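Engineer: let me see the structure of the following:
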Amino acid sequence: MRDLEVGAFSDDGPWEVDLDRLSWRPGLDYVRRAVRAEVPALVRPRKLPPGSRLAATARHLGLGVALWAAGKRRRARSEEGRTESVADLSRRLRRAAERLGPAYIKLGQIISSGEGVFPEPLVTEFKKCRDQVPPETWETVRRVVEEDLGRPLDTVFARFDRQPVAAASIAQVHAAVLRTGEEVVVKVQRPQVSRLVKEDLAVMAWVAPRLVGRIPVAALANPPALVELFAETIAEELDFRLEAENMLDVARSLVELGQKAYVVPRPHPDLVTRRVLVMERLAGFNFDDAEGMRAAGLDTAALVRAGMIGFLEGAMLCGIFHGDLHGGNLFVLPDARTALLDFGITGRLDEFRRRAFLRLLVGATVNDVKGQMAALRDLGTLPPDTDLDAVIADLGLDRPPVDPTTLTPDELVAEIQRTVKGLLGYGARMPKELMLFVKNLVFLDGAIANLAPDLDLFAEIAHIATHFAVTHGARITADVGVDPRTQVLDLSGVKASFGVDTDLEILTYRDLQERRAVIRERLAKRDRRRRRP
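Structural biologist: Got it, this is the predicted structure:
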C-alpha cells in the first residue's frame, strides 16, 4: 500500500493513511502544548490535598495493609507462610489500586514491568492491571461512543462486541466491524477519568515531597519528578487524538530508520475523538507465548534482538519511543514482526537529550566511563556542575568490579548502601525521561528471560553495537563526533556492570538469572536471621 512510505503499517490495511486527510489531526500541536502547560498546575505543591480523595486513598490502601498485617504474624512462623504473606499483600494492594482508579492502576502497570526489581508476587499480581481491570458497563460504553462520534452507534458499526477484549486504567478495548466492512478495535475512555486523575495527582503531589530525605531510595527515584511524569503521561493519555498522533510519529520513525521488525496499527481517518479511538485490528501471538511462537517456527531470540535494536534506534536516533512496553501492549504477528499497541505513553526527547542518550550508548561500547557519566549528567541524573572525576573515584567506577555473588549478605548490603549514599551525596536523581527508558529496558530484560534464556548477552551486545556502527555510523559521527566504525569494542565496562570478571567470554541470560537468584537468597537469609529473636 502507498502509505507504507508514511509509516510501519501492515502490508494490507483496511484503509490508507493520508496525512492530509485525517479529520482529527488539525490543531493537535496546540492541543499537546495546552495539555503540557496544564501539568505544573496539576503537580503544584499544596498545603492540603483534596480531603475526600486522600481519605479514599487511605481507606482502601490502609484497609488492605491492615487485613494483611492481621495474618502476618501467624504466617511468619514458616518459610511457606512468609511467601504466602507476600502474595497476600500483593493481592490486596492490587485490589486497592483497582478500587482507587486510573492513576493507581497506572502505578500498578509500571510495577508489573519490573521483573527483577520488585518482588515476584507483586509483579505477577499487578500484571492483572494491564488488561484485567473490571470493565465499564455496556450502557456506559455505548453512551461515550455515541456522545463523541455524534451519532447512534448502529449507524457506524455493523457489529460492536459488548464484552471488551481488554480493560485497563484509562480505557477498555472492544472488537467491532464498521458498516463499511472493516474489522477494527475501538478504544473507549472510562467516564470520570479526567476528574479522578486530577484529584489523585493532587494527592500524590502532596505526598511526594514528604518522602524526599526520609527514604534513601525514594530520594534517588525523585518522587516529585515521578509525579510530574505521571501528570505528563496521563494528561496526554486523556486525549486519544494525541495517542493517534503518537502512533503516526512512531510509525514514521520506524520507516525513517528502515526498521522492519515493528508494525503499528493504522488509526481511522475520521473515527478518532478525545475519548474514542478506532484503529485497524491486528492479530498474533501473545508476547509471553514463547512456546506457541516456537511451535510456529518463529525464532524468539531473533525477535528479542530486533526488539532491542528497534527500541534503541527510536530513542537515540529519532528521539521518540514507545514509553510503556509490557506484554499487554505487544503481540507477535505470524511473519515475526511485533505489533506495538497503546501509545498513550510515548517518550519524546529534545535534540540535546537525544544526543546524550546516544553518547551513553557509544560510551558503553568503548568503556568510556567519563563519557557515560557526562551523558547521564546531561540527562539530568547529576547536577550540571558535578565533578565527574570525583564521582568515578568515589563510586569505584575506575576499579575492578566486585562480584556480588562472592560477598557475604552483610557485605552486599554495605556495598549497596555505600553506592546509594555516594549517589545521594552528589545530588543524583532519576530524571523522568530516563525512568521511561529504564522501565522499558527492565521489560526487555524480562522478555529475554522468557523468550531467549540461553542468549549470550556479550555476543548480543556486540551484535547490536556492530549494527549501529554499520547501519548508522555516519549519522552517529555527525551527532556525537565519534565514528563507531573506527572504535574498538570494549565490553569490560559492561562486564563490570554485571559484576563479572573481564576475562569472562560468555554470559547467558540463564547464567545471569542464576547469579541474581544467589544474591536474592543471600539477602533473604540475612533478613531471616535478623527476624529471629
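Engineer: what does whatever helix or strand residue 304 lives in rub up against?
Structural biologist: Element membership for residue 304 (DSSP states H and E) is helix 300-313. Among residues not part of helix 300-313, those counted as contacts by C-beta atoms under 8 Å, 6 or more residues apart in numbering are 254, 257, 259, 261-262, 290, 293-294, 321-322, 325, 332, 336, 338, 361, 440, 444, 447-448, 451-452, 455, 460, 463-464, 467-468, 472. Using the backbone N, CA and C atoms, a C-beta is placed for each residue, glycine as well.
Engineer: mind checking which of the residues you listed land in helices?
Structural biologist: The helices, defined by DSSP state H, take in 254, 290, 293-294, 361, 440, 444, 447-448, 451, 460, 463-464, 467-468, 472 from the contacts of helix 300-313.
Engineer: show me just the buried residues among those.
Structural biologist: 254, 290, 293, 361, 440, 444, 447-448, 451, 460, 464, 468, 472 (16 or more other C-beta atoms under 10 Å).
Engineer: quick one, strands of this structure?
Structural biologist: Per DSSP state E, the chain has strands spanning 157-160, 166-167, 171-178, 183-189, 262-263, 267-272, 276-280, 285-286, 320-322, 330-332, 338-340, 346-348. These are given in chain order.
Engineer: who are the packing partners of the second one?
Structural biologist: For strand 166-167, the packing partners by 3 or more C-beta pairs under 8 Å, 6 or more residues apart in numbering; DSSP states H and E come out as helix 128-131, strand 171-178.
Engineer: and the last one, average pLDDT?
Structural biologist: Predicted confidence along strand 171-178 averages 96 (mean pLDDT).
Engineer: quick one: strands adjacent to that strand?
Structural biologist: Strand 171-178 pairs in its sheet with strand 157-160 (antiparallel), strand 166-167 (antiparallel), strand 183-189 (antiparallel), by DSSP bridges.
Engineer: in stretch 271-281, what's buried?
Structural biologist: Neighbour-count burial for stretch 271-281, counted by 16+ other C-beta under 10 Å, picks out 271-273, 275-281.
Engineer: can you list the low-confidence ranges for the stretch 51-200 of the chain?
Structural biologist: Segments of the stretch 51-200 of the chain classed as low confidence (criterion: pLDDT under 70) are 64-65, 67-85, 110-111, 113-119, 129-132.
Engineer: tell me the bridge partners for residue 346.
Structural biologist: residue 322.
Engineer: re the thing from before, nearest to residue 43, out of the strands paired with strand 171-178?
Structural biologist: strand 183-189 (21.8 Å; C-beta to C-beta).
Engineer: mind saving the C-alpha coords of that closest one as PDB?
Structural biologist: Listed in PDB are the C-alpha atoms of strand 183-189, where the atom choice follows Å, rounded to 0.1, in the frame of the first residue of the first chain:
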ATOM      1  CA  GLU A 183     -12.600  -5.200  11.200                       C
ATOM      2  CA  VAL A 184     -11.500  -2.700  13.900                       C
ATOM      3  CA  VAL A 185     -10.800  -2.300  17.600                       C
ATOM      4  CA  VAL A 186     -12.400   0.600  19.500                       C
ATOM      5  CA  LYS A 187     -10.700   2.100  22.500                       C
ATOM      6  CA  VAL A 188     -13.200   3.800  24.700                       C
ATOM      7  CA  GLN A 189     -12.200   6.100  27.600                       C
END
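Engineer: one step back: just put the strands of the chain in JSON lines and tack on distance to residue 52.
Structural biologist: JSON lines is the format used below for the strands of the chain (distance: least, C-beta to C-beta, whole Å):
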{"stretch": "strand 157-160", "distance to residue 52": "35"}
{"stretch": "strand 166-167", "distance to residue 52": "25"}
{"stretch": "strand 171-178", "distance to residue 52": "24"}
{"stretch": "strand 183-189", "distance to residue 52": "23"}
{"stretch": "strand 262-263", "distance to residue 52": "43"}
{"stretch": "strand 267-272", "distance to residue 52": "34"}
{"stretch": "strand 276-280", "distance to residue 52": "29"}
{"stretch": "strand 285-286", "distance to residue 52": "39"}
{"stretch": "strand 320-322", "distance to residue 52": "35"}
{"stretch": "strand 330-332", "distance to residue 52": "38"}
{"stretch": "strand 338-340", "distance to residue 52": "38"}
{"stretch": "strand 346-348", "distance to residue 52": "33"}
